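**Student:** Could you work out the structure for the sequence below:
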Amino acid sequence: MKVSYEQIYLGQSKSLKIESYTNKSQCDIVSWHLHPEYELVFIKSGQGSIQIDTHFENYADGLLIFLGPNIPHMPFGNKQFKNNIEVVIQFPEGFISDKLTSFPEFDILQKYIRKSHRGIIFSSEIHKKLSPLFLKFQKQNDTEKLLNFMDILYQLSISKNQRAILKGNLSLDINKHSLERTSKVFQYINDHYDKQIRSETLAKQLGLTPNSFCRMFKTVTNRSFIDFLNEFRIKKAQEHFEHHNFTIAEVMYRCGFNDPSYFSKQFKKYSGISPSNYCNQVSN
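**Tutor:** This next block holds a predicted model:
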C-alpha cells in the first residue's frame with residue numbers, strides 16, 4: 001500500500017497543533033500515511049486497532065500513543081461511542097530545537113521526546129490518569145493549551161507503564177533521505193509562503209537539479225510542487241480571513257500571490273468558493 005505524506009498545517013502564531021475530534025468532527029486522515037511531525041494521540045474510549053509500520057495490535061477502552069517523525073501508520077480512532085473524543089497533538093522538530101532548548105529545565109522532556117522515534121504506547125492506568133487533562137483542551141485558549149500540553153508531556157516522561165512499539169528500524173521501503181529533504185521543503189514553505197518561492201531555489205539548497213527536485217517531491221507526496229504550494233497558501237489565506245480584518249487584496253499579497261485572477265482561481269479550486277463568498281461566510 002502506498003504511504004501518503006501528510007502535511008501538518010500549523011496555525012499562525014502557534015507552536016503546535018492541538019485538535020479535539022468528536023463523533024461528528026472526526027479526523028479526516030483515513031489512509032496509510034506519515035508526516036515529519038511528532039504526534040501524540042488520545043482516544044477517550046472504544047475499541048480499535050493500531051497499525052504502525054508492520055506492527056498490529058488491538059486496543060480496548062481507549063488509547064494513548066506517542067509517535068516520532070515519519071513513522072507510517074493508519075488512523076487510530078473508532079466510531080464506537082457517540083460521546084467519544086479523540087485528541088491529536090502534533091508538533092515539528094522546531095518545537096524542540098527552537099523552543100524547549102531555551103529552557104535547561106526542559107532537558108528531561110527533550111530526552112524523552114527522542115524516545116518516541118520507536119513509538120510509545122501507554123498503559124490503561126496512564127490513559128485514565130491523564131484523561132482529564134486531554135479533555136480540558138476543548139475549552140482552553142491557546143496559552144492554556146500549551147501549558148496543559150507541557151504538563152501532559154512531563155507526566156508521560158516520568159510514568160513507568162509504557163513500552164516501545166517498534167523493536168528495530170522501520171521495515172517499509174521508505175527513502176529516508178527523500179523524507180528528510182521533503183521535511184526541509186515543508187519547513188521552508190511554512191516560513192516563506194508570503195514571499196516568492198521557486199523550485200529552482202529549493203533544488204539548489206537540497207543539492208538537486210530542478211528536474212530531480214520535482215521528481216523527488218512528486219514521488220514522496222504524490223503531487224506536484226506547485227500544487228502543494230498553492231494549496232498551502234490558500235489554507236493560510238483562509239486563516240487570514242478568519243482571524244484578521246484584511247481585504248482580499250491584502251490577504252492575496254500576504255500569501256505570496258500577486259495576480260488577483262490567479263488567486264481567485266486557486267482559492268476556488270482548493271476551498272470550493274470564491275474569496276469574496278468565503279469572506280461573507282466568515283463574517284456571518
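
**Student:** What are the boundaries of the helices in the stretch 1-150 of the chain?
**Tutor:** In the stretch 1-150 of the chain, the helices defined using DSSP state H, counting those that start in this stretch lie at 93-94, 107-114, 124-136, 142-158.

**Student:** Rebuild those helices as a markdown table, extending it with distance to Asn83.
**Tutor:** All C-beta atoms are positioned from the backbone trio N, CA, C, and that covers glycine. As requested, the helices of the stretch 1-150 of the chain are exported to a markdown table (distance: least, Cβ to Cβ, whole Å):
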| stretch | distance to Asn83 |
| --- | --- |
| helix 93-94 | 35 |
| helix 107-114 | 31 |
| helix 124-136 | 11 |
| helix 142-158 | 21 |
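
**Student:** Which positions in the one helix or strand Asp227 maps to come out as buried?
**Tutor:** Per DSSP states H and E: Asp227 is located in helix 225-243. Neighbour counts using 16 or more other Cβ atoms under 10 Å place 225, 228-241 of helix 225-243 among the buried residues.

**Student:** so how many other residues sit close to the closest residue to Leu133 other than its chain neighbours?
**Tutor:** Setting aside the residues directly before and after it, Leu133 is nearest to Ile152 in space (Cβ to Cβ, 6 or more residues apart in numbering), at 5.2 Å. When counting by other Cβ atoms under 10 Å, one arrives at 20 neighbours for Ile152.

**Student:** Can you tell me how far Ile152 is from Lys136?
**Tutor:** 10 Å (Cβ to Cβ, to the nearest Å).

**Student:** ditto for Gln187
**Tutor:** 30 Å.

**Student:** And for Asn277?
**Tutor:** Distance from Asn277 to Lys136, by Cβ to Cβ: 36 Å.

**Student:** before we move on, back to that, for the helices of the stretch 1-150 of the chain, which has the smallest mean pLDDT value?
**Tutor:** When the helices of the stretch 1-150 of the chain are compared on mean pLDDT, helix 93-94 scores lowest, with a mean of 88.

**Student:** And for it, what's in contact with it?
**Tutor:** If you take Cβ atoms under 8 Å, 6 or more residues apart in numbering as the criterion, helix 93-94 is touched by 36, 38, 69, 183, 187.
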